[in-house]
Every structure is written in structure tokens, then in C-alpha cells.
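**Q** Predicted model, plus sequence, below.
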Amino acid sequence: MASITMDNLGKVYTGNVRAVSDVNIDIADGEMIVLVGPSGCGKSTLLRMVAGLETITEGTLKIGDRVVNQLEPADRDIAMVFQNYALYPHMTVFNNLAYGLKNRGFKKDEIDRRVREAAAMLEIGQFLDRKPRQLSGGQRQRVAMGRALVREPAAFLFDEPLSNLDAKLRVQMRVEIRQLQKRLGTTSLYVTHDQLEALTMADRLVVLNGGRIEQIGTPMEVYLRPATTFVAGFIGSPAMNMLPAAYLRGLVAADALAHMPVAADLVGLRPEDLSLAPAGEGEIALTGQLMLLEPAGAESHLHLTFEGIRDTIVARLPDVPDVQEGSHLTFSIKRDKLHPFDQARGKRVA
Amino acid sequence: MVENNRWGNLFAHLVLILGVTIVVFPVYVAIIASTHPPGTFIRGVMPLLPGPNAIENYRIVITEGRSRAGTPPIGGMLWNSFVMAMAITIGKLSISLLSAFAIVYFRFPFRIFFFWIIFLTLMLPVEVRIVPTFQVVADLGMLNSFAGLSIPLIASATATFLFRQFFMTVPEELMEAARVDGAGPMKFFKDILMPLSITNIAALFVIMFIYGWNQYLWPLLITTDPEYYTIVMGIQRMVTGGDSEPLWHLVMATVVLAALPPILVILFMQRLFVKGLTETEK
């Protein structure tokens, strides 16, 4: 068990290619931090820097009280779960789990005890004599988890561990990993490009873009108050709608938007904050033409065009309304649900 | 598209039978010839049915040799060939495995340059470089020794290249997982790369063993002491040695015996080979 401290971490590859810059994250003992961002944002590089698989070119990294910049992965007291599991194909499940312990000179009965314990925890006890290729994707995933568990490390590092699983299994494993992590209380760093995974699993999530941190916060903080236009567009599905503030100012009386800072020239609206109910006190009414109605079972997505606005606006309703495509609909949104942004700086204002 | 066509089947089998016949017939003739008494061949007619002298011929070849022609009993020559072939095979495999490992997994200056240098030696088989190689071996005092027989033939660009290609298909995550698991480079090589390469190693073992076994020119050049004669050059000496007619029945018996060890190696390695094929990941 240990905390992880990243102090101004940066990675520059030879040829002056910058992958990560100025990363400051303090991970508390037992905390689950999720790194999320689009592909190429540097999240995997950052994780691999913590693991010791990439050299750190700037800043310091501490695990517990030790500076580990120069240490080999094996000496950092971390365990890693890889995206393609990276199980040793010629070894049985037992040996896959035991390999790291053997290399560290554990006694035979201790190895046996730990492997069986981890196998029981992950319900792979009956597969211990099989080879990885005789297992299904979900079972391999468990073995990869087991290989991390037996080591009882200071921190778990997950590199998109669920992206090779089908959707149903992914949800199931997501829950299991989170439960396991909470039960063991092991500090974890988890990389994913799936914002839903990030929101559901994280104690705190870190949104990365272009090798820089856009925002750090609890999932709800990030969702309810995205700090930048990038975070606003990345977290949440369907993505947040963006309207020019001038458009809204033209629709309503001047004092209705008085609470918004003058610097705000872009306004974000979460699709679920739009409602078909008539606008009441403190609400703004917006009229658009329905282009497409997507029923999605428990909810529906309405794709709308607003006059003078190029982008399609999406509204998310908790049911499937009885409306015709092509008809004009009037939506209402609470004034305090508007997210004001400064478009030029890409930052939230107030 | 493959259809189950009767005529197609028949044709395919005809072609296969023809091919097998062409390959097998000389072997059959050799086996038959090794069972006849000495006089049979002087008449110039090749018998196609077994003769009465099988046991006698093989006894002579194995126990007496043709001492007058300077050919020792073949037991020693078989052993020499075996030692040479094994030394070449094991040497080639270890060197090429290690150099492929170095080239694929380590970043060092002139890596690509070294790879191309190794690759270039493909163009220089023993026959091309035989005079300078002989000079070097002679200067090192390795004439008439197993070291002289095997060491100059050990470098192998082919095997290095094959292992390099194979190592490049091994996912990098395996190496990273091993690093996290506390395995250093050599441990990774021994515990993970080697077991994964077992199929390739078995296949190359067979090829290299036969290459070593069939060496003719090199042993002929550097051995003058009958104690180091190999079987392949022994056969040649039996044919040309002495003033008399070549004793074809004994030559053929030797040929048949000389073909046995490679066959045994293939049979033994094939089990490993098939096992490796069925047990590796997809």
C-alpha cells in the first residue's frame, strides 16, 4: 500500500517528440485514479512511465516515499495488467501466476498458498492446470488480474484491461475489478478511453488531452462542472451541446442571462437537461426542428437543428415522445444548467 | 476451389506416386545392392531383388572396414560424423538464438549494421571462403580435430534471420510483463523466448543436423588422420581407394548405414516438432 506522487512528470522522445508534459497528480493510498482521454493523449505513456517501462525524462515520480525514476519495473513494487493480457502462452495458469513470485525467490508453499488464494478470489481455481489458449477472453482477463494480485504490490496499474472483451463481459468485469480494488484497498491507476468506464470506476478521474491534464476531479465534479470545452465534449454521452452565447442572448430578455460572465461566448448544454416541458420560472425556451428521433429503449435521443446554428443539437429524454420527424419542438432548460465557456481559451468561466 | 472430383483425385495420386517412386527408387537400389555378394556387379547388371549376403556385408563394414584401402571400420566414422553434426547443430542454434535475441531486444550502436553483416554471410558459403578458412584453421592448429571440423561451419545467417523474424512476432507485452515480474533479459530469454521458439528450434535442428552430417568438402580438406574421418568422406574413399574394382556391395552397405542417423534425428525431432506445432498459441 502506498501513495503515488507525480511531480511535473514529462516525457520527450528522441527527436523532440513530446508525449506528456507537466503532469502533477497526487494519488492517495488506496485510491483508484482513472486516466481517460482520446487515443494518442499520452495516458498509456504516463502509465508506462509509472510502471517503469518508459523512461521518465522530466520531473520526479514517487511511490510511497521512494523516488523511483531510475528503478526497474520489478523494483517499483507495482503490478500491471496489460490490454492483451500478456499471459505467457506456454505456461499453465498456475505458473503464469507463480512466475513473478518465483523470480522474487518466494518459498514453494508460500507461492502455492498465494496462487490458490488469488485463484479462489477470481474464481479461476479450476483452470490452474490449463494453458491460456484454452481459456475464454474473460477467463484470461481474470488470470491477468490474478498475476497482479498474487504479488500483493503497492499499486496496480491497468492499461485498458477491458477493451478486448465484449460489451456484456466488460460491464461485469468492470464491477468486479472495482469491488476487488475496494476490498483490497490497493492504490490503482487505470487507463481507459471509455468515458463510461472512467466515470463508473474512478475515485477521481484525470482527463488528458495532448499530453496535458485537462481536469482532475471526482467523476461527478468532472461531469457537472467540466473545466474545459474538451472535457465537456469528451465526458458524457451523447456529448454536451455547444451553442454560441450570442444565440441564446438573442432569444431571451437581457436580464435572463445576467448570471453569465461577459467573457462567456460559448454555452454548453447537457442533452439530458433539455426537456419538452413548457419553460417556467428561471428557464429558457429553445425551438428547433427535429431531424431524427433515436429511440434507445429506456431513453431517446432527439437530433435537432436550430435556425442559424450549424451543429446538430442533441436532446436526451427519459422516454420516447410521440413526435414527428420534421416537426418543430420547443425545449426548456434551467438557466443554472448552462455551462459558460470562453471559446478562445477553451476554459470554463465561473 | 477444392472439389471432391474422382479424376482429380486419381491424377493427384498419380503425380504423388510418380514423385515418390523417383525419390525412393535409388534408395531401394542401394538397399538391394548392399545385400549381394561382390561378384554381382561386375556383370554390369543391376539386380532388383535382395541377394543372400546381407548379414555378411554389414558385418564386414561394421567390424573390419577396408583396412587395405585405408578405410577404418565405419563405427568410428559414424561417431565422428555424429559429433561433428551435433557440434555444428548445437553451435549454430545457440549462436543464432543469442544473436537474434540481441538484435531484436537490445538497442545498441550499429545494430542494423551488424544485422546486415550477418545477413551478408549468406552469400559466403564454405565453398567460397574455403581457402582462407583453411589457412585460419591451420594457423590455429585445429587440423585433425573436432574443433576444426565444426567451428568454421557454426555461424549461420539463415538461422539468425529465422529467429529474428520469429522474435519480432512475439508480442512486446510479454517482455514487459516479464520485466514487471522481475525477470532479467537472460531469464526472459530462457523462461519465455526459448520455450516459445521450440518448434523453430526443432525444425532448424533437423535442417542443421543434416547440413552438418552431409559436409564433404570441408572434412576432406582438413582431416588427414583416419581417426577423424567422417562417414561421408569415408564413402568416397571406399569408392576410389585401392587398386581393385570398387566394392559396391560394401559401399552400398555403408551408404545405407550412413543414412540412418539423420533419419533417426528426423523421427525424434518430429515428435517435438508436432508437439510444438499443436501447443503454441493460435
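**A** Happy to help now that I have it. Nothing here was measured: the structure is a model prediction, and the numbers come from that model. Numbering: from 1, shown residues only, chains lettered A, B, ... in the order given.

**Q** Please identify the buried residues of stretch A:287-298?
**A** Within stretch A:287-298, the residues scored as buried using 16 or more other Cβ atoms under 10 Å in any protein chain shown are A:G288, A:L290. Using the backbone N, CA and C atoms, a C-beta is placed for each residue, glycine as well.

**Q** Measure how buried B:A178 is and give me the count.
**A** Per other Cβ atoms under 10 Å in any protein chain shown, the neighbour tally for B:A178 reads 25.

**Q** Toward the C-terminus from the helix or strand where it lies, list the very next helix or strand.
**A** Here B:A178 sits within helix B:172-180, counting by DSSP states H and E. Once the chain leaves helix B:172-180, the next helix or strand it forms, by DSSP H and E, is helix B:185-188.

**Q** Quick one: check that following helix for contact with chain A.
**A** Yes - using Cβ under 8 Å from any Cβ of the partner chain, helix B:185-188 comes into contact with chain A via B:K187.

**Q** Check which helices and strands that helix sits against.
**A** Secondary-structure packing of helix B:185-188 (3 or more Cβ pairs under 8 Å, 6 or more residues apart in numbering or on different chains; DSSP states H and E): helix B:172-180.

**Q** Quick one: residues in contact with the helix it packs on.
**A** Outside helix B:172-180, the residues within contact range by Cβ atoms under 8 Å, 6 or more residues apart in numbering or on different chains are A:51-53, A:72-74, A:78-80, A:82-84, A:86-88, A:99-100, A:147, B:105, B:187-188, B:191-192.

**Q** Using ChimeraX, define a selection of the buried residues within the residues you listed.
**A** To isolate in ChimeraX the members of the contacts of helix B:172-180 that are buried, counting by 16+ other Cβ under 10 Å, one can use:
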select /A:51,52,53,73,74,78,79,80,82,83,84,86,87,88,99,100,147 /B:105,188,191,192
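
**Q** The contacts of helix B:172-180 in strands, which ones?
**A** A:I78, A:A79, A:M80 (DSSP state E).

**Q** For the closest residue to the last one other than its chain neighbours, name its beta-bridge partners.
**A** Same thing as A:M80. Spatially, and ignoring its direct neighbours in sequence, A:M80 is nearest to A:L157 (4.4 Å; Cβ to Cβ, 6 or more residues apart in numbering or on different chains). Beta-bridge partners for A:L157, by DSSP bridges, are A:M80, A:L189.

**Q** Please list the residues outside stretch A:64-84 that contact it.
**A** Under Cβ under 8 Å, 6+ apart, the answer for stretch A:64-84 is A:2-3, A:50-53, A:56, A:60-63, A:100, A:103-104, A:144-145, A:147-149, A:151, A:153-161, A:163-164, B:171, B:173, B:176-177, B:179-183.

**Q** What residues does the stretch 51-200 of chain B have near chain A?
**A** Proximity of the stretch 51-200 of chain B to chain A, by Cβ under 8 Å from any Cβ, involves residues B:171, B:173-174, B:176-183, B:187, B:191-192, B:195-196.

**Q** Give me the buried subset of the residues you listed.
**A** Judged by 16+ other Cβ under 10 Å, buried ones among these: B:173-174, B:176-183, B:191-192, B:195-196.

**Q** Now pLDDT too, for the residues you listed, in TSV please.
**A** Below are these laid out as TSV (pLDDT from 0 to 100):
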residue	pLDDT
B:E173	92
B:L174	94
B:E176	94
B:A177	94
B:A178	94
B:R179	93
B:V180	93
B:D181	93
B:G182	91
B:A183	91
B:D191	94
B:I192	94
B:P195	91
B:L196	90
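
**Q** possible to save those residues as a markdown table with distance to B:L257?
**A** Putting these into a markdown table (distance: Cβ to Cβ, whole Å) gives the following:
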| residue | distance to B:L257 |
| --- | --- |
| B:E173 | 50 |
| B:L174 | 45 |
| B:E176 | 51 |
| B:A177 | 50 |
| B:A178 | 46 |
| B:R179 | 51 |
| B:V180 | 54 |
| B:D181 | 50 |
| B:G182 | 51 |
| B:A183 | 46 |
| B:D191 | 40 |
| B:I192 | 41 |
| B:P195 | 35 |
| B:L196 | 37 |
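
**Q** wait, which of these is closest to B:N5?
**A** B:L196 (40.8 Å; Cβ to Cβ).

**Q** Just to check, that closest one is in contact with B:L97?
**A** No - using Cβ atoms under 8 Å, B:L196 makes no contact with B:L97, being 11.6 Å away.

**Q** Show me the residue at the heart of the chain, geometrically.
**A** Defaulting to chain A. Chain A has A:A198 as the residue nearest its centroid, 2.7 Å off, counting by Cα atoms, centre = their mean.

**Q** right idea, wrong chain: chain B
**A** Judging by Cα atoms, centre = their mean, chain B has its centre closest to B:I210, at 1.3 Å.

**Q** Could you check how many residues crowd around the nearest residue to that one once chain neighbours are set aside?
**A** Leaving aside its sequence neighbours, B:I210 sits nearest to B:P262 (Cβ to Cβ, 6+ apart; 5.1 Å). For B:P262, the neighbour count with other Cβ under 10 Å is 17.
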